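Undergrad: Give me coordinates for this.
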Amino acid sequence: MGQLSFAQRFFFPFALVALTAIPVLHASAQQPNEGYVASSDSVRLFYRVAGRGRDTIIAVHGGPGVDLESIYGDFTPLTEQHVVIFYDQRGAGRSTLPLDTSVLTAAAQITDLDAIRRYFKLERAILVAHSYGPLLAASYAIAHPDHVRAMVLLGPVPPYRGDFWQRFARTMRSRTDSAQAAKAADANRRLASGGSENIRQACRDYWAIALRPRVADPENGVARIHSDLCASDPAGILYGLRTTNGAVMASYGDWDLRPSLHALQVPTLIVHGEEDAIPMDMVAEWTTIPGSRLIRVPHAAHMLYAERPEVVWPEVLRFLDGLPKR
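TA: Residues are numbered from 1 along each chain as shown. Below you'll find the predicted structure:
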């Protein structure tokens with residue numbers, strides 16, 4: 001299948017310290033702590049640690065090509081009871097924007113996630129991921145099954161490609177009128193013009209349109225989203241949207257994780273909005289993971305944790321509370 005345009009394909013969906021200083025993660029951690037982790041090829045990964053609680057979670061944002069700001073503002077219910085490590089994937093946000101785009105691959109992102117886990121000395125990580133993030137999280141779990149304690153997959157892309165892109169694009173087009181499409185295209189053009197303020201404003205104009213088909217109630221749902229997709233470094237915003245997104249997704253090829261999911265012994269919760277443009281029947285294939293559970297959230301689409309927080313977060317927190325003690 002030919003590559004879809006950025007506007008058709010893109011979805012999420014999610015104080016510096018010295019590199020030698022390992023943050024201490026414990027129940028008293030409250031103020032966000034920021035810094036960088038070096039991956040194996042010297043790519044620097046920006047992180048932010050927030051929250052308090054007995055367990056530590058790694059939050060995996062979507063995209064690829066957006067950054068931690070895409071989920072940070074809406075994950076407050078998680079940080080109220082857990083320490084949460086957010087990080088910008090390579091080629092996005094405040095992390096390294098490589099000159100060599102050949103390093104923007106799924107394999108490199110798996111290595112990066114392991115670098116985050118090891119840096120924070122987590123023997124077995126809990127992964128909470130949104131949109132594209134579940135594809136990365138599950139790929140990581142397949143590669144490192146002994147280092148994943150549990151997964152929560154929020155609004156996930158399917159575990160296989162199939163005709164996903166065609167169905168997704170068809171639904172997104174049906175939810176966007178010609179005037180909105182023209183405004184999004186204009187914002188996309190202005191993104192390429194450069195200049196920090198131009199990029200940030202174009203980003204805001206783009207997502208003002210692009211978030212509408214990603215919520216069940218466009219007139220009210222967008223206002224419920226507290227995360228700011230345009231809050232990061234403008235250079236990272238531009239590079240992520242125009243370079244990282246296409247390069248990383250191309251590296252997955254005709255992906256199909258289902259044969260490997262059968263062998264995963266990782267407690268997994270899947271939560272998906274009934275009105276998400278990502279087809280529910282394809283998402284249901286994640287239940288190939290033994291013992292996993294799929295929760296269908298009514299009156300919610302892709303930003304389900306912001307649209308229906310009173311449904312999503314209690315389910316997530318119950319799942320996390322019920323995990324076997326380490």
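Undergrad: Poorly predicted segments of the stretch 151-300 of the chain, please.
TA: The model of the stretch 151-300 of the chain has no residue with pLDDT under 70.
Undergrad: where exactly do the helices run in it?
TA: Assigned helices in the stretch 151-300 of the chain, in chain order: 164-174, 178-191, 196-210, 218-221, 234-239, 245-252, 258-261, 280-283 (criterion: DSSP state H, counting those that start in this stretch).
Undergrad: right, so of those, which gets closest to residue 39?
TA: helix 245-252 (14.5 Å; Cβ to Cβ). Where C-beta positions appear, they are placed from N, C-alpha and C, glycine not excepted.
Undergrad: follow-up on the earlier one: let me have the helices of the stretch 151-300 of the chain in CSV, extended by distance to residue 52 and mean neighbour count.
TA: Below are the helices of the stretch 151-300 of the chain laid out as CSV (distance: least, Cβ to Cβ, whole Å; neighbours: other Cβ atoms under 10 Å):
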stretch, distance to residue 52, mean neighbour count
helix 164-174, 37, 16
helix 178-191, 37, 15
helix 196-210, 30, 18
helix 218-221, 29, 14
helix 234-239, 28, 21
helix 245-252, 33, 20
helix 258-261, 33, 16
helix 280-283, 32, 16
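Undergrad: Looking at these, spot the one closest to residue 78.
TA: helix 218-221 (20.1 Å).
Undergrad: related to what we said a few turns ago, need the helices of the stretch 151-300 of the chain in TSV (columns: distance to residue 115).
TA: As requested, those are exported to TSV (distance: least, Cβ to Cβ, whole Å):
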stretch	distance to residue 115
helix 164-174	29
helix 178-191	29
helix 196-210	28
helix 218-221	35
helix 234-239	18
helix 245-252	17
helix 258-261	22
helix 280-283	29
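Undergrad: And the ones you listed: which comes nearest residue 310?
TA: helix 218-221 (14.0 Å).
Undergrad: got the contact list for that closest one?
TA: By Cβ atoms under 8 Å, 6 or more residues apart in numbering, the residues outside helix 218-221 that reach it are 175, 212, 215, 301, 303, 306, 307.
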